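Enquirer: Kindly generate the corresponding structure for this input.
(one chain, ligands or ions: 1)
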Amino acid sequence: MIPIASRVAALRPTAVNSILADVRAQVARATPGPLVSLMRGEPDLPTPAHIVEAAAKALAAGRTMYADQRGEPKLREAIAVKLLRDNGLQYDPATEILVTTGGTFGIYAALAAMLNEGDAVLVPDPVYDAYLSPIRLSGGEPVAVSSTIENGRFVLKIEALEASWTPACKALLLNTPWNPTGTVLTRQELTDIAAFCERKNLTIISDEIYEAIVYEGHTHISPAVMARERTVVVNALSKTYAMTGWRVGYVAAPAPFVRAMLLILQQSSRGPATFVQDAAAVALTGPQDCVATYLAEYSRRRKSVLESLPNVLAPEGGFFAMLDLRASGTPSDQIRKKLLAESGVVVVHGAAYGPGGEGTLRVSFASGGEVLERGLAKLSQALRG
Ligand SMILES: Cc1ncc(COP(=O)(O)O)c(C=O)c1O
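Expert: Numbering: from 1, shown residues only. Okay, here's the model as predicted:
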């Protein structure tokens, strides 16, 4: 037997990976016919052609050597341009930006560079479940901050942050637009949260991966606007440009912390491929009409979800809708399993994202077309039936 380190015992497969095991078992049973999945957070749209062409051109030009470990200078400059253009944030590409293999590595590097054994990290509940294992891997402990559903949206109150805070807390992990809830934090909410973090001397790790997908007048604001010196901005091209498989993202933070994350990166991933970085620079500074086109497509899908399903909390951002089924009194995992076994539709139970998600289901509209149509028809029939 090859020994396994004890730290691995604290790690868990993500909710989506656990559900995939259930899906495989259901497929093996061959009932109730072909399954339809409204589960994953993966755009079904292609990476825009001009970005693909930029990668192909870079490959043909021999851009296959080791990349600069901070990220290629051209890409770091493109990120600085983007941060100023879209977020009103000024970062020095030479010292305050690090290119990462997707948002996932940005979150990992931030946690690994920050946490000591026994440090706690405040995480909203419900939360993207893949934050929890990297916190533990770095010796930290996630501490849930209860959210509440008010006027059809999940909210994170300062009283809840106060209630969860302990002197062991070192950081708050924020995600706006917020997966799985669909909430886009407002300027006032962020101002209050930033003031709380200031009072408690907390760092904000801000995952902004869904920033470009916001609806009906909601706008994405980075908490770095209010608290630049205590914020680590984490972002990636995965969702905005439909580039999930390219594995390219970035972090922006004050220079000493970027140096610390660089050491983590140098000893592990060493960043994305050089030709991928060239294409990412083109994505960020080239024509942005693809972003608007994709947003229009997600808006149409969101409208179908709102029109088809009962008890939907209208998402303000991202491509997930939460169904509020708390009134049924049935555990969300039980509802999810029944939908899979009897209707052949795959969704994620809210409780997979923490107790705060209990009584809800997360429905993804990252896939559209026939998949979404069939999935919504099945869901509607099962939930209204
Ligand atoms: C909130 C959030 N952060 C990060 C990620 C992962 O991003 P990436 O694919 O760029 O690593 C996801 C993917 O679903 C996500 O939902």
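Enquirer: Tell me the residues on this structure that lie near the ligand, please.
Expert: 41, 102-104, 128, 175, 179, 207, 209, 236, 238, 244, 249 (Cβ under 6 Å from any ligand atom). Quick note: C-beta positions are derived from backbone N, CA and C, even for glycine.
Enquirer: Now intersect these with the strands, please.
Expert: With strands defined by DSSP state E, the entries of the residues of the chain next to the ligand inside them are Asn175, Asp207, Ala236, Gly249.
Enquirer: How many residues are close by the closest residue to the ligand within the chain?
Expert: As assessed by Cβ to the nearest ligand atom, the ligand sits closest to Gly102 within the chain, at 2.9 Å. By other Cβ atoms under 10 Å, 23 other residues sit near Gly102.
Enquirer: Distance of it relative to Ala5?
Expert: 24 Å (Cβ to Cβ, to the nearest Å).
Enquirer: cool, Glu211 as well?
Expert: 36 Å.
Enquirer: What sits closest to Ala341 if chain neighbours are left out?
Expert: Gln26 (6.5 Å; Cβ to Cβ, 6 or more residues apart in numbering).
Enquirer: The one you found is in contact with Leu340, isn't it?
Expert: Yes - Gln26 is within contact range of Leu340, at 5.5 Å (criterion: Cβ atoms under 8 Å).
Enquirer: Mutual contacts of these two, please.
Expert: Common contacts of Gln26 and Leu340 (Cβ atoms under 8 Å, 6 or more residues apart in numbering): Leu35.
Enquirer: host element of Val27?
Expert: helix 15-29 (DSSP states H and E).
Enquirer: so what secondary structure elements neighbour that helix?
Expert: Under the contact criterion of 3 or more Cβ pairs under 8 Å, 6 or more residues apart in numbering; DSSP states H and E, helix 15-29 touches strand 348-349.
Enquirer: which residues touch the residue of the chain closest to the ligand?
Expert: Taking Cβ under 8 Å, 6+ apart, one finds Ala236, Ser238, Arg247, Val248, Gly249 in contact with Gly102.
Enquirer: I'd like those residues as a markdown table, with pLDDT and neighbour count appended.
Expert: Putting the contacts of Gly102 into a markdown table (pLDDT from 0 to 100; neighbours: other Cβ atoms under 10 Å) gives the following:
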| residue | pLDDT | neighbour count |
| --- | --- | --- |
| Ala236 | 98 | 27 |
| Ser238 | 98 | 22 |
| Arg247 | 98 | 20 |
| Val248 | 98 | 27 |
| Gly249 | 98 | 26 |
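Enquirer: Show the residue spans covered by the strands in the stretch 201-350 of the chain.
Expert: 203-207, 231-236, 249-252, 312-313, 320-324, 345-346, 348-349 (DSSP state E, counting those that start in this stretch).
Enquirer: tell me the most buried of those strands?
Expert: strand 249-252 (a mean of 30; mean count of other Cβ atoms under 10 Å).
Enquirer: Buried residues of the biggest helix by length in the chain, list them for me.
Expert: In the chain, with assignment by DSSP state H, the single longest helix is helix 289-308. Buried residues in helix 289-308, counted by 16 or more other Cβ atoms under 10 Å: Cys290, Val291, Tyr294, Glu297, Tyr298, Arg301, Arg302, Val305, Ser308.
Enquirer: Then stretch 219-226?
Expert: So for stretch 219-226, counting by 16+ other Cβ under 10 Å, buried means His220, Ile221, Ser222, Pro223, Ala224, Met226.
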